[in-house]
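[1] Need coordinates for the below:
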Amino acid sequence: MSDRAMKLWMSLMPLMVLLAVSCSGGGDAADTDGDESESRKCVLDEDCLSNEFCALDNTCQPIQDPTDGDGTPADEDGDDSETPDGDDCAFLQFPDIMDFGSVPIGESTSKEVILVNTGSCNLEIGDVQFIDPHDDFSLENPPTWPYVIEPGYSLTLKVVFVPTSGYAANVPMQIASSADNARLATVLLQSDYKGVTSLETSLDALEFGNVFVGDPGVTLGLNICNGLLKADGNKAVKVSGIYLKYSDTVAHFDLDMDDEPSSQNPIFINPEECITVEATYEPTTETIWPAIHENYLVIVNDADTTENDKTEIYMAGSADSDSLYIYPNPIDFGAVDIDTQRAIQLTIQNRTPRDLVVENVQLGGQHCEEFTLYLGDYATPFTLLKDETINQIGIGYEPTNTGLDTGCVFTIQTDQQGAANTVQVNITGQGREPNLPPVAKVARYDNGPDIILPIDVAPGDNTRVTLYGDISNDPDGNYPLTYYWQLFKPGESNAGLDTNGAGIATFVVDWPGSVYTVELVVEDTEGAQSQAKTVQVRFGANEMITIDMQFSGDDEMNVDLIWLAPNGIPCSDNDMNSHRSCDMGAFGVSRVSNHTTRYAEGNRETITHESATDGSYKIQVRMTEDCSFRDPVLGICWSHDSSTATVKIILNQDTEPSWTKTATLGGVGEFFEWTINKVGGEWNAPTP
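    Below you'll find the model as predicted:
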């Protein structure tokens with residue numbers, strides 16, 4: 001038994017009631033061939049032979065085979081019998097290898113491992129564990145340990161495999177049990193890969209251009225990628241080192257990366273994934289053209305396309321104080337939406353001791369079709385005076401496809417002698433799908449639907465209003481969202497919005513008869529903002545008022561009921577629209593009805609007003625016709641003497657009116673009027 005198995009076995013002892021277990025080895029790996037040499041060193045299982053695994057002491061150890069090679073339990077007493085002898089009565093039958101085949105990264109597959117008790121006694125399974133690296137394997141719904149298998153019965157374990165990297169798996173699953181033939185059984189879980197490895201870099205060379213000594217250094221990013229498709233089951237690229245080749249120019253160059261790989265701790269780059277290294281050129285001494293500072297960035301890797309296990313990226317820069325300088329350097333547009341143009345204005349400075357004639361300004365190299373050069377008034381050739389700086393030349397970038405655009409170079413040629421007559425700056429950009437704005441939504445409760453109608457808060461209810469804006473979403477998935485809330489309240493209110501910058505907002509309504517408006521705008525991580533989402537919260541002591549009028553007289557008599565808002569807008573059956581309602585501006589909407597059965601039948605009209613804001617309202621009853629009989633020959637109308645109108649004022653659909661007013665109208669045109677004020681959300685008694 002290996003050190004690794006022994007450590008697992010000792011960790012499982014408190015969970016089991018088992019017989020004494022013997023195991024071999026303690027410290028150093030045993031010499032298996034008699035030549036007193038140490039076992040082979042390893043980091044991963046693939047560093048060992050197919051019948052070995054990498055133990056905890058980083059040496060290759062043999063995988064114990066609990067069978068005679070035919071899948072049946074091995075004979076332990078030497079009598080060529082494969083059944084238990086003597087007191088041996090708990091016997092475990094298990095597979096020695098489970099092959100999951102080639103599984104693409106991130107996809108899930110499973111295999112069933114069946115454990116059978118072929119003995120005559122109960123067999124106890126103490127625990128099942130995966131030996132590192134084991135993160136890609138798990139048991140689905142394992143039983144509670146310890147688990148007893150009766151003679152002739154079995155236990156089926158469902159092993160789930162979800163590979164996170166593109167390297168072949170070779171993981172032992174160890175089963176601790178009371179079996180007489182296999183106290184610590186091992187099932188080797190394997191998977192393979194197909195295809196080849198390929199390492200790609202976003203730049204073939206890191207050319208930093210001219211950087212003046214003392215200026216901030218120029219930094220270029222280099223993406224190191226596995227260019228193969230993970231869906232094809234391709235394996236990962238192992239990077240075991242990234243460094244600068246020549247020590248004599250290291251002072252001018254610097255590397256920065258999140259994790260520095262080594263042979264002991266390599267970085268694995270899965271298919272379709274990249275790591276980024278930033279290289280900075282910050283010269284400490286000048287160079288005189290055509291001399292330059294040079295070095296190579298070395299990437300040690302095992303890609304099939306790499307010769308001698310190394311990929312080298314050329315690095316070069318100059319620090320000539322008497323030259324032509326271009327800023328920014330490099331010209332990096334970053335991520336830009338496809339079919340959208342972004343422009344960068346360049347600063348060009350003549351630091352030479354004389355006037356320069358600029359003979360040519362151009363773009364050249366790869367992917368330059370995505371970039372546009374703007375010269376302004378500087379048609380070549382033109383003269384750039386000593387110490388002169390211009391900033392009218394610019395470059396535009398309009399990507400037509402998603403992905404990184406590199407390889408285009410901005411070049412200026414002058415009449416200087418030798419190599420100093422050409423100055424180049426690299427241009428990079430990244431096309432991306434247009435960023436769609438997020439959508440602001442607000443719910444009344446956690447994970448509730450988006451609010452469409454106003455919220456009514458009646459007196460006596462909880463006056464604290466909570467709104468959930470975290471149901472807002474972004475179609476591009478650019479999370480987390482940033483929430484911007486605003487509260488618009490009546491001038492008399494002391495309400496304040498409590499958000500803490502989060503997706504939930506609360507406030508307390510404190511002025512009855514008022515409308516509060518809450519507005520939410522959300523912003524994604526790319527800076528795109530949503531349209532404003534508004535929610536109205538209506539708070540009032542008496543939200544609804546109904547004026548119900550009944551008057552005496554026959555069918556030829558008519559009395560009109562008129563409701564006047566504080567702004568003077570009237571509402572009656574003569575003012576209503578086709579929906580039998582009146583729009584009274586800021587004071588709301590009233591509904592008119594000539595048919596009601598709330599009280600006794602008779603001549604009547606009814607007006608209902610909801611969510612009326614504070615103010616002074618008027619109720620009028622006016623006789624408009626009282627013709628009881630019209631002479632068919634003379635056309636004379638014989639009038640009634642009078643009509644009695646009874647007005648009942650009902651609040652919030654109460655069963656009884658709050659106030660009743662009566663008026664006697666003596667003839668056409670005569671009217672009575674009452675004033676009813678709403679103050680602080682409360683209706684006061686009508687006057688007179």
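[2] first to last residue in stretch 140-153, what's the distance?
    Stretch 140-153 has an end-to-end distance of 20 Å (Cα to Cα, to the nearest Å).
[3] ranges for the strands of the stretch 501-650 of the chain?
    Using DSSP state E, counting those that start in this stretch, the strands assigned to the stretch 501-650 of the chain run over residues 504-508, 514-523, 533-539, 544-551, 557-564, 570-571, 581-583, 589-593, 603-610, 615-630, 637-639, 643-651.
[4] Please spell out which residues along the second one are buried.
    Burial within strand 514-523, assessed by neighbour count using 16 or more other Cβ atoms under 10 Å, is assigned to 514-516, 518, 520-523. Just so you know, the C-beta spots here come from the backbone N, C-alpha and C atoms, and that holds for glycine as well.
[5] before we move on, back to that, pipe the strands of the stretch 501-650 of the chain into a markdown table and attach distance to Pro490 and mean pLDDT per row.
    Below are these laid out as a markdown table (distance: least, Cβ to Cβ, whole Å; pLDDT from 0 to 100):
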| stretch | distance to Pro490 | mean pLDDT |
| --- | --- | --- |
| strand 504-508 | 13 | 94 |
| strand 514-523 | 4 | 93 |
| strand 533-539 | 9 | 90 |
| strand 544-551 | 19 | 87 |
| strand 557-564 | 23 | 87 |
| strand 570-571 | 24 | 92 |
| strand 581-583 | 21 | 83 |
| strand 589-593 | 19 | 78 |
| strand 603-610 | 18 | 85 |
| strand 615-630 | 13 | 81 |
| strand 637-639 | 49 | 60 |
| strand 643-651 | 21 | 89 |
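[6] Could you provide these in TSV, with additional columns for distance to Ile125?
    Putting those into TSV (distance: least, Cβ to Cβ, whole Å) gives the following:
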stretch	distance to Ile125
strand 504-508	49
strand 514-523	53
strand 533-539	57
strand 544-551	71
strand 557-564	83
strand 570-571	83
strand 581-583	76
strand 589-593	74
strand 603-610	71
strand 615-630	81
strand 637-639	107
strand 643-651	75
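[7] Tell me which of these lies nearest to Pro266.
    Distance to Pro266, taken as Cβ to Cβ, is lowest for strand 514-523 among the strands of the stretch 501-650 of the chain, at 40.0 Å.
[8] Just the C-alphas of that closest one, formatted as PDB.
    Provided in PDB are the C-alpha atoms of strand 514-523 (Å, rounded to 0.1, in the frame of the first residue of the first chain):
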ATOM      1  CA  SER A 514     -50.500  62.900  -2.200                       C
ATOM      2  CA  VAL A 515     -48.800  61.000  -5.000                       C
ATOM      3  CA  TYR A 516     -45.100  60.000  -4.600                       C
ATOM      4  CA  THR A 517     -43.100  59.100  -7.700                       C
ATOM      5  CA  VAL A 518     -40.100  56.800  -7.600                       C
ATOM      6  CA  GLU A 519     -37.700  56.600 -10.500                       C
ATOM      7  CA  LEU A 520     -35.000  53.900 -11.100                       C
ATOM      8  CA  VAL A 521     -32.200  53.900 -13.700                       C
ATOM      9  CA  VAL A 522     -29.800  50.900 -13.900                       C
ATOM     10  CA  GLU A 523     -26.300  50.900 -15.400                       C
END
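[9] give the contact list for the residue nearest to the spatial centre of the chain.
    Closest to where the C-alpha atoms of the chain average out (Cα atoms, centre = their mean) is Tyr479, at 3.4 Å. By Cβ atoms under 8 Å, 6 or more residues apart in numbering, Tyr479 lies in contact with 524-525.
[10] hmm, back to that, which of the buried residues of strand 514-523 lies closest to Thr687?
    Nearest to Thr687 among those: Ser514, at 23.8 Å, using Cβ to Cβ.
[11] That closest one reaches Phe488, doesn't it?
    No - the criterion here is Cβ atoms under 8 Å, and Ser514 misses it with Phe488 at 10.7 Å.
[12] looking at this protein, which helix or strand does the model trust least?
    helix 3-12 (a mean of 40; mean pLDDT, DSSP states H and E).
[13] Kindly export stretch 161-176 (C-alpha atoms) in CSV.
    This file holds the C-alpha atoms of stretch 161-176, laid out as CSV (Å, rounded to 0.1, in the frame of the first residue of the first chain):
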residue,chain,number,x,y,z
PHE,A,161,-17.2,13.3,-14.3
VAL,A,162,-17.1,17.0,-15.4
PRO,A,163,-13.6,17.8,-16.7
THR,A,164,-12.3,21.3,-16.0
SER,A,165,-9.1,21.0,-18.0
GLY,A,166,-8.0,19.3,-21.1
TYR,A,167,-5.6,16.8,-19.6
ALA,A,168,-6.3,13.1,-19.3
ALA,A,169,-7.6,12.0,-15.9
ASN,A,170,-6.1,9.1,-14.0
VAL,A,171,-7.7,9.3,-10.6
PRO,A,172,-7.9,6.4,-8.0
MET,A,173,-11.2,6.0,-6.2
GLN,A,174,-10.6,4.2,-3.0
ILE,A,175,-13.2,2.1,-1.1
ALA,A,176,-12.6,1.4,2.5
